[in-house]
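1. Dropping a prediction and its sequence here:
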Amino acid sequence: MKESHMRRILLLVVLSLLLVGVVACDTSELATMLREAAQGDGPSSASLEPTPTPVVIYVTPTPLPVAQPEAVDVEEQLVIDAYARVSPAVVCVTAPQRFGECIGSGFIIDEEGHIVTNNHVAAATDELLVTLADERTVPAVLVGSDRGTDLAVLDIDVPVEELTVAELGDSASLRIGQRTIAIGNPFGLERTVTTGIISSMGRTLDRDDSDFQIAEVIQTDAAINPGNSGGPLLDSLGRVIGVNSAIFSTTGSNSGVGFAIPVDIVKRVVPELIAEGRYRHPWLGITGRTISPEMVEAAGLTSDVGVLIFGVEPDSPADKAGLVGGDRQIVVSSIPMLAGGDVVIAIDGEPVNDFDDVVNYLASFTNVGDVVTMTVIRDGQELEIAVTLEERPDNR
């Protein structure tokens, strides 16, 4: 074998051993062999002698960085914290004849043992029981209820140190798209949590027992099902922003459209329910319809926004103040309606774009006995008319 070829083989062998991390030769001889091989005068195969006792060289690999834990999911942690803090305040409302079955939900609002729930839950039975988070079931007394807001207050006799009170937030600052958390007892599954967002605000809900509507309702896509009624709707910090009340569904189960009574309405109504057992709704006494483009032409209106008054209830605040209803019938898109009445365009300077604005303003910002200024258009002229609000008749 040629000497140059031998040197190349030797060099390759040495390098191969280095790559696997162990070299079986004396380190000083290794250095000499590499130097000679590089200079071209390495030993021939005949001059190689047995190697001395091998020295093992360990090549330490470069350490990999320690795997970092995944960043904490902030939104997930908010839900976890909110549930841990508020769920002990959520109760199951039941009845002796349906013991152990939740007919609805509620939540503790103060250290006196008052519980907020829905009117339709409290009205479901004459005798009420409440099951607490620790599984105790205690009698509950109906303190007051209001059909107009679907709210009711119960009272339980439990030592203050055994109560967890839910914190009330506010609903005036809420924004569409904001996260919501619902806690309740859907289908009897106690203290179930669901999440979603605020889908819309300022909705009005029709009632089965009255022509009046429930005002200022929050719409959410958080899953709300039978048994959730009366439970709290929370913001991401665990503060109550509403009371879950209804769903829009053709099957009786959640369809992603749920409704909650806003907490600012709760703050207005509940103290009066506790003190008086009832709530006095301010009343105007008009019926009407939001103006549509078709109505403008058919009724000869000079405003394309606002509410056209159809009727003024006799002896109502609106009647006493001189508001005018329609005096002739027209047909708009195959729907008969009255024309010739006042067009409401503002209340206390707040613009009125649709009838919901009238309903929501009265519910949120007025009380019985308040004087409101109605801005109307009559015969093409803008007028301001003062109306003294009275209590809605028959607690409707």
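-> Arrived safely.

2. On the strand side of things, show who L308 bridges to.
-> Under DSSP bridges, the beta-bridge partners of L308 are R289, V343.

3. Check it and give its pLDDT.
-> Among the per-residue scores, L308 shows a pLDDT of 97.

4. residues near it, how many?
-> Close neighbours of L308, defined as other CB atoms under 10 Å, add up to 26. Placement of C-beta: from N, CA and C, glycine included.

5. Let me know whether it touches V296 as I believe.
-> No - under the criterion of CB atoms under 8 Å, L308 makes no contact with V296, lying 9.6 Å away.

6. how near is A122 to G311?
-> A122 sits 33 Å away from G311, taking CB to CB, to the nearest Å as the criterion.

7. so where does the residue lying closest to D221 once chain neighbours are set aside fall, helix or strand?
-> Residue nearest to D221 in three dimensions, not counting chain neighbours: G196, with 4.1 Å by CB to CB, 6 or more residues apart in numbering. Assignment of secondary structure by DSSP states H and E places G196 within strand 192-206.

8. and A122 and G311? which has more neighbours close in?
-> A122 (25 against 16).

9. Next, give phi and psi for that one.
-> phi -70, psi -30 (degrees, to the nearest 10).

10. ok, it - contacts?
-> 93, 128, 142, 145, 152, 154 (CB atoms under 8 Å, 6 or more residues apart in numbering).

11. ok, and the closest non-adjacent residue to the third one?
-> Pointing back at L142 there. A122 is the one closest to L142 (CB to CB, 6+ apart), at 5.5 Å.

12. Report the buried residues of the strand holding G196.
-> By 16 or more other CB atoms under 10 Å, the buried positions in strand 192-206 come out as 192-196, 198-199, 201-205.

13. Return the alpha-carbon coordinates of it using PDB.
-> Only the C-alpha atoms of strand 192-206 are listed here, as PDB (Å, rounded to 0.1, in the frame of the first residue of the first chain):
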ATOM      1  CA  THR A 192     -72.500  24.800  35.800                       C
ATOM      2  CA  VAL A 193     -70.300  27.500  34.100                       C
ATOM      3  CA  THR A 194     -70.500  28.600  30.500                       C
ATOM      4  CA  THR A 195     -68.800  31.400  28.700                       C
ATOM      5  CA  GLY A 196     -69.400  33.700  25.700                       C
ATOM      6  CA  ILE A 197     -69.600  37.300  24.800                       C
ATOM      7  CA  ILE A 198     -72.100  40.200  24.800                       C
ATOM      8  CA  SER A 199     -73.800  39.800  21.500                       C
ATOM      9  CA  SER A 200     -75.900  43.000  21.800                       C
ATOM     10  CA  MET A 201     -77.300  45.400  24.300                       C
ATOM     11  CA  GLY A 202     -80.400  47.500  24.800                       C
ATOM     12  CA  ARG A 203     -82.800  44.800  23.700                       C
ATOM     13  CA  THR A 204     -86.400  44.700  24.800                       C
ATOM     14  CA  LEU A 205     -88.200  41.500  25.500                       C
ATOM     15  CA  ASP A 206     -91.900  40.900  24.900                       C
END
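
14. Give the rounded mean pLDDT of that strand.
-> 95.

15. go on, stretch 337-344?
-> 96.

16. Outside of it itself, which residues are in contact with it?
-> 286, 288-289, 291, 295, 298-303, 306-312, 323-331, 352, 358, 374-378, 383.

17. where's the residue lying closest to P293 once chain neighbours are set aside relative to V296, distance?
-> Leaving aside its sequence neighbours, P293 sits nearest to D304 (CB to CB, 6+ apart; 6.8 Å). From D304 across to V296, the span is 5 Å (CB to CB).

18. Neighbour count for these two, which is higher?
-> V296 (16 against 12).

19. Settle this for me: L284 is touching L362, isn't it.
-> Yes - counting by CB under 8 Å, L362 is a contact partner of L284 at 6.3 Å.

20. Compare the two (neighbour count), which wins?
-> L284 (24 against 20).

21. what residues are up against the residue nearest to that one when sequence neighbours are not counted?
-> Distances taken as CB to CB, 6+ apart put A318 closest to L284, at 5.3 Å, once the chain neighbours are dropped. Residues near A318 by CB under 8 Å, 6+ apart: 284-286, 309, 312, 387.

22. Does A318 lie in a helix or a strand, and which?
-> According to DSSP H and E, A318 maps onto helix 317-321.

23. Using PDB, list the CA coordinates for that helix.
-> The C-alpha trace of helix 317-321 is given here as PDB (Å, rounded to 0.1, in the frame of the first residue of the first chain):
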ATOM      1  CA  PRO A 317     -99.600  61.200  31.700                       C
ATOM      2  CA  ALA A 318     -99.200  61.600  27.900                       C
ATOM      3  CA  ASP A 319    -102.900  62.500  27.600                       C
ATOM      4  CA  LYS A 320    -102.700  65.000  30.500                       C
ATOM      5  CA  ALA A 321     -99.700  66.600  28.900                       C
END
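
24. What's the first helix or strand after it?
-> strand 328-332.

25. which strands and helices sit next to that next one?
-> Packing partners of strand 328-332 (3 or more CB pairs under 8 Å, 6 or more residues apart in numbering; DSSP states H and E): helix 293-299, strand 335-339.

26. Buried residues, that strand. List them.
-> V332.

27. So what touches it?
-> Here strand 328-332 makes contact (CB under 8 Å, 6+ apart) with 292, 294-295, 298-299, 336-340.

28. Of those residues, which count as buried by neighbour count?
-> The buried subset of the contacts of strand 328-332 - by 16+ other CB under 10 Å - is 295, 299, 337-340.

29. can you confirm Q97 is in a strand?
-> No - Q97 sits outside any strand when classified using DSSP: H, G, I helix; E, B strand; the rest coil, being helix.

30. so who does it touch?
-> Taking CB under 8 Å, 6+ apart, we find Q97 in contact with T125.

31. switch to numbering from 37
-> From this message on, residue numbering opens at 37, which makes the last subject Q133.

32. Now do the same for it: its pLDDT.
-> 82.

33. Repeat that for A422.
-> Model confidence at A422 (pLDDT) stands at 98.

34. quick one: it and V407 touch, right?
-> Yes - using CB under 8 Å, A422 makes contact with V407 at a distance of 5.5 Å.

35. Just the CA trace of the helix or strand A282 falls within, in CSV.
-> Per DSSP H and E, A282 falls inside strand 276-283. Output of strand 276-283 as CSV, limited to C-alpha atoms (Å, rounded to 0.1, in the frame of the first residue of the first chain):
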residue,chain,number,x,y,z
VAL,A,276,-72.3,40.4,38.3
ILE,A,277,-73.4,42.3,35.2
GLY,A,278,-76.8,40.7,34.7
VAL,A,279,-79.4,38.2,35.8
ASN,A,280,-79.9,35.4,33.2
SER,A,281,-83.6,35.4,32.3
ALA,A,282,-84.6,33.9,29.0
ILE,A,283,-83.4,32.3,25.7
